[in-house]
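Engineer: next one to model:
(one chain, ligands or ions: 1)
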Amino acid sequence: LSPEGAQNQVTENKKSNPFVATSLILIFIVLDVIAFVLVLLLLRAYWESKKSGKRDERKLDIENNKDERPLEHHDDSLNRGAASEERGKLEFFSEERGFELGDLLKASADALGKGNFGACYKAVLGNGTSVVVKRLKDLAPSTGDEFATHIRALSALKHPNLLSFLAFYNNRDERLLVHRFARNGNLFDRIHAGRGENRRGENRVPFKWHSRLQVARGVARAMAYLHVNSNSPTAAPHGNLKSSNVLLDENDMPRVSDYGYSSIISTSAAVQRMAVYRSPEYQHRRRVSKKSDVWTYGSLLLELLSGKASCLSYPGGERGIDLCNWVHVAVREEWTAEIFDAEIAAQRNASQDMLKLLQIALRCCEKSPEQRPEMVDVMRSVEGIAARESGDDESSDRSSVDDHSGSTNGSGISVEYNRKFVSI
Ligand SMILES: Nc1ncnc2c1ncn2[C@@H]1O[C@H](COP(=O)(O)OP(=O)(O)OP(=O)(O)O)[C@@H](O)[C@H]1O
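Structural biologist: Residues are numbered from 1 along each chain as shown. All right, here's what the predicted structure looks like:
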């Protein structure tokens with residue numbers, strides 16, 4: 001119905017019947033409104049599908065290895081800042097020192113993704129070694145020396161379940177961290193890839209209870225280790241624990257990454273983007289502490305157990321659910337069985353252990369920080385499940401908690417930190 005046609009008909013009808021003319025005008029207006037709403041709905045559906053596809057597209061790009069340009073070509077500013085005459089050297093923290101900054105920039109590289117604190121690239125060096133280069137952004141104002149001191153302190157933390165630092169680069173324009181590449185990607189993708197709306201899960205490798213428990217145990221050890229070696233009463237030793245910051249090596253052993261950033265990132269960026277700032281105590285009292293880390297660990301356990309995406313894991317938290325709240329409601333309403341991911345719920349011989357892990361998670365997610373357990377106690381509870389499940393006695397299981405840099409006093413947690421040995 002064209003506007004001219006409608007107008008002519010209206011003029012004709014006006015002469016014969018004023019009621020018919022008014023009805024035609026009304027119909028014309030209603031049709032216009034419906035068309036407008038339809039266009040709006042279509043635009044919204046297009047926008048939503050683009051957003052949900054982003055993560056998968058990024059993964060696909062990496063898997064297909066489409067972009068193999070040298071690192072320096074991925075980012076012009078990286079090239080400009082680092083290729084100048086006075087660009088300086090990498091500082092190494094490990095035995096693997098067979099490369100220099102120039103080798104890194106020329107190595108064939110893939111963009112792994114942009115996180116909250118910078119972009120990550122996987123670079124393959126001439127000798128075939130794969131490393132990850134993280135280019136930091138939104139740093140707190142600090143001198144190069146302050147930054148270097150902080151990174152050196154972080155690199156002294158050595159534990160089999162922490163992602164270690166290989167080297168770093170520090171000049172006025174550019175700050176880069178170099179880590180080992182974790183071959184099996186991150187825990188978020190391990191839990192959620194190939195499932196959910198619009199996905200049929202054809203390529204999904206099932207993530208069974210035993211592997212999930214192994215991850216829960218490894219992350220608890222890494223977190224307890226960080227807590228034992230942190231002296232600050234006001235900071236969360238990790239600060240940003242979430243499933244995308246738990247990387248999996250070739251044996252699916254977890255390596256916790258992105259720890260200790262709170263003092264190198266600007267306060268506003270930290271408050272907006274770090275996981276601990278979403279804890280109940282930050283909402284009410286504007287304070288975070290070690291117990292905020294315990295809360296993030298509880299949320300991670302709930303994600304592992306339920307297979308549901310947590311809003312902590314999504315950038316900006318714009319998707320996913322508040323798992324702590326959801327599970328508390330589920331337990332109150334007595335539909336606990338609904339909590340467990342279908343992929344593990346069928347493993348009936350492990351159901352008691354799943355319930356135990358759920359109880360630990362709920363204690364970690366207590367609203368009041370004072371009521372949450374200490375991270376070391378959480379680790380011991382999770383190890384209790386592991387020892388029973390594998391039939392090992394506790395002492396033999398404990399040996400794997402040891403770090404690689406020194407002896408322990410029997411608790412299994414120790415560290416060489418600033419050349420002083422601290423243990424509990
Ligand atoms: N050492 C690594 N090995 C393998 N993949 C890595 C490594 N480091 C980072 N990644 C991957 O690179 C991507 C970007 O990581 P990054 O840490 O920058 O962001 P994020 O974890 O998504 O968010 P945030 O910045 O809040 O930690 C993620 O998919 C992450 O799993």
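
Engineer: so which bits of this structure are right by the ligand?
Structural biologist: Contact residues (Cβ under 6 Å from any ligand atom) of the chain with the ligand: 112-113, 115-118, 120, 132, 163, 179, 181-182, 186, 240, 244-245, 247, 257-258. Placement of C-beta: from N, CA and C, glycine included.

Engineer: at 5 Å what do you get?
Structural biologist: Residues of the chain lying near the ligand by Cβ under 5 Å from any ligand atom: 112-113, 115-117, 120, 132, 179, 181-182, 186, 244-245, 258.

Engineer: who wins on neighbours among those?
Structural biologist: Asn245 (25 neighbours; other Cβ atoms under 10 Å).

Engineer: just checking, it touches Pro254?
Structural biologist: No - taking contacts as Cβ atoms under 8 Å, Asn245 lies outside contact range of Pro254: 10.2 Å.

Engineer: and stretch 139-155, how far out from the chain middle?
Structural biologist: 23 Å (Cα atoms, centre = their mean, to the nearest Å).

Engineer: same check on stretch 367-385?
Structural biologist: Counting by Cα atoms, centre = their mean, stretch 367-385 comes out at 21 Å from the chain centroid.

Engineer: tell me the pLDDT of the single nearest residue of the stretch 201-350 of the chain relative to the ligand.
Structural biologist: Nearest residue of the stretch 201-350 of the chain to the ligand, counting by Cβ to the nearest ligand atom: Ser244, 3.9 Å away. We have a pLDDT of 93 for Ser244.

Engineer: again with Asn251
Structural biologist: You'll see Asn251 listed with a pLDDT of 90.

Engineer: Phe99 in helix, strand or coil?
Structural biologist: coil (DSSP: H, G, I helix; E, B strand; the rest coil).

Engineer: look up the closest residue to it, ignoring the ones flanking it.
Structural biologist: Spatial nearest neighbour of Phe99, chain neighbours left out: Leu125 (5.2 Å); criterion: Cβ to Cβ, 6 or more residues apart in numbering.

Engineer: how close does the one you found get to the ligand?
Structural biologist: Distance of Leu125 to the ligand, computed by Cβ to the nearest ligand atom, to the nearest Å: 14 Å.

Engineer: touching, that residue and Ala109? I think so.
Structural biologist: No - judged on Cβ under 8 Å, Leu125 makes no contact with Ala109 at a distance of 10.3 Å.

Engineer: please say which of those two ends up with more neighbours.
Structural biologist: Under the criterion of other Cβ under 10 Å, the comparison of Leu125 against Ala109 puts Ala109 first, with 24 against 16.

Engineer: mind listing the residues bridging to that one?
Structural biologist: Ala123 (DSSP bridges).

Engineer: just the closest residue of this structure to the ligand, please.
Structural biologist: Closest approach between the chain and the ligand, counting by Cβ to the nearest ligand atom: Gly115, at 2.0 Å.

Engineer: quick check: what element follows whichever strand or helix holds Gly218 along the chain?
Structural biologist: Secondary structure from DSSP states H and E places Gly218 in helix 209-228. Towards the C-terminus, the helix or strand next in line after helix 209-228, according to DSSP H and E, is strand 246-248.

Engineer: report all helices and strands that that following strand contacts.
Structural biologist: helix 187-192, helix 209-228, strand 254-256 (3 or more Cβ pairs under 8 Å, 6 or more residues apart in numbering; DSSP states H and E).

Engineer: try it again with 6 Å
Structural biologist: Contacting strand 246-248 under the criterion 3 or more Cβ pairs under 6 Å, 6 or more residues apart in numbering; DSSP states H and E are the following elements: strand 254-256.

Engineer: for the strand it packs on, the distance to its chain's centre please.
Structural biologist: Centroid displacement of strand 254-256 relative to its chain, using Cα atoms, centre = their mean, is 11 Å.

Engineer: could you point out which element follows that strand?
Structural biologist: As assigned by DSSP H and E, the chain's next helix or strand after strand 254-256 is helix 267-273.

Engineer: report the mean per-residue pLDDT for the helix or strand following that following helix.
Structural biologist: Next helix or strand after helix 267-273 toward the C-terminus (DSSP H and E): helix 280-285. Taken as a whole, helix 280-285 has an average pLDDT of 93.

Engineer: ok, now stretch 38-53?
Structural biologist: Stretch 38-53 comes out with an average pLDDT of 70.

Engineer: cool, and stretch 339-351?
Structural biologist: The average pLDDT for stretch 339-351 rounds to 90.

Engineer: now for Val205, how many residues are close by?
Structural biologist: The burial count for Val205: 11, using other Cβ under 10 Å.

Engineer: okay then, goodbye and thanks.
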